[in-house]
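> Got a predicted structure plus its sequence, pasted below:
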Amino acid sequence: RKKRNIPKREGHFNGHEATRIALISSRFNYFIVHKLESGALDMLRRHGVQQVDIYYVPGALEVPLCAAKLAAGGKYDALIALGVVIRGATPHFDVVIGESAKGLSSVALQHGLPVLNGILTTNSIEQAVERAGTKAGNKGADCAVAALEMVSLLRKL
Ligand code: INI
């Protein structure tokens, strides 16, 4: 049987010099969010991205509205939301993480724009620190890479 060559439709990490990215950073738990921001900026810079703007909002609940306005403005190829929600310190934890995640995916689908959810949701400060540049990597950096992959993929669809 003849083997068929299946073309790979996938995103790439080169050719991102003109890619425009916006970070949306929450000020809540900013001492950790700041590390996500550095991780994302470093990763974007090392992939050649030259246009990055950062917008600040009070907390995770405000991120979707900012994302919606930015998406409607059409100035960016992808948005990266950054925040930290810690269960122990947040009585309305489930509301905050549910609303922010729902809001972000709704913006992505409505505008056909990659909106990366880099909002950490953890049981403790320690777990958040682990995901912000220590033993469990850096969620901001991960989202930056995923954003570039999606921007590149969407250009091919
Ligand atoms: N916002 C966060 O980003 N992280 C949290 O842990 C958090 N806690 O703990 O409540 C949080 N709440 C604020 C919320 O996002 C809004 O800014 C606030 O409720 C005003 O709408």
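Now that the structure is in, tell me what you want to look at.
> switch to C-alpha atoms for all contacts and neighbour counts from now on
Noted.
> Give me the below-cutoff pLDDT ranges for the chain.
Using pLDDT under 70 as the threshold, the predicted model of the chain has no low-confidence range.
> can stretch 53-65 be found next to the ligand?
Yes. Against the ligand, stretch 53-65 shows contacts by Cα under 6 Å from any ligand atom at 58-62.
> List the buried residues in that stretch.
Judged by neighbour count (16 or more other Cα atoms under 10 Å), stretch 53-65 contains these buried residues: 57, 59-64.
> if we can go back for a sec, among the residues of stretch 53-65 next to the ligand, which two are most distant?
The largest distance within those, taken as Cα to Cα, falls between Pro58 and Leu61 and amounts to 8.1 Å.
> For Glu62, give me its contacts.
The neighbourhood of Glu62, defined by Cα atoms under 8 Å, 6 or more residues apart in numbering, consists of Ser100.
> That one: what secondary structure?
helix (DSSP: H, G, I helix; E, B strand; the rest coil).
> on that earlier part again, save the buried residues of stretch 53-65 as a markdown table, and put in distance to Ala132 too.
As requested, the buried residues of stretch 53-65 are arranged in a markdown table below (distance: Cα to Cα, whole Å):
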| residue | distance to Ala132 |
| --- | --- |
| Val57 | 19 |
| Gly59 | 17 |
| Ala60 | 16 |
| Leu61 | 20 |
| Glu62 | 21 |
| Val63 | 19 |
| Pro64 | 21 |
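> Show me which residues of this protein are close to the ligand?
Residues of the chain lying near the ligand by Cα under 6 Å from any ligand atom: 26, 28, 58-62, 83-86, 89-90.
> any chance of those residues in CSV, with secondary structure too?
What follows is the residues of the chain next to the ligand, written out as CSV (three-state DSSP):
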residue, secondary structure
Ser26, strand
Phe28, coil
Pro58, coil
Gly59, coil
Ala60, helix
Leu61, helix
Glu62, helix
Gly83, strand
Val84, strand
Val85, strand
Ile86, strand
Ala89, helix
Thr90, coil
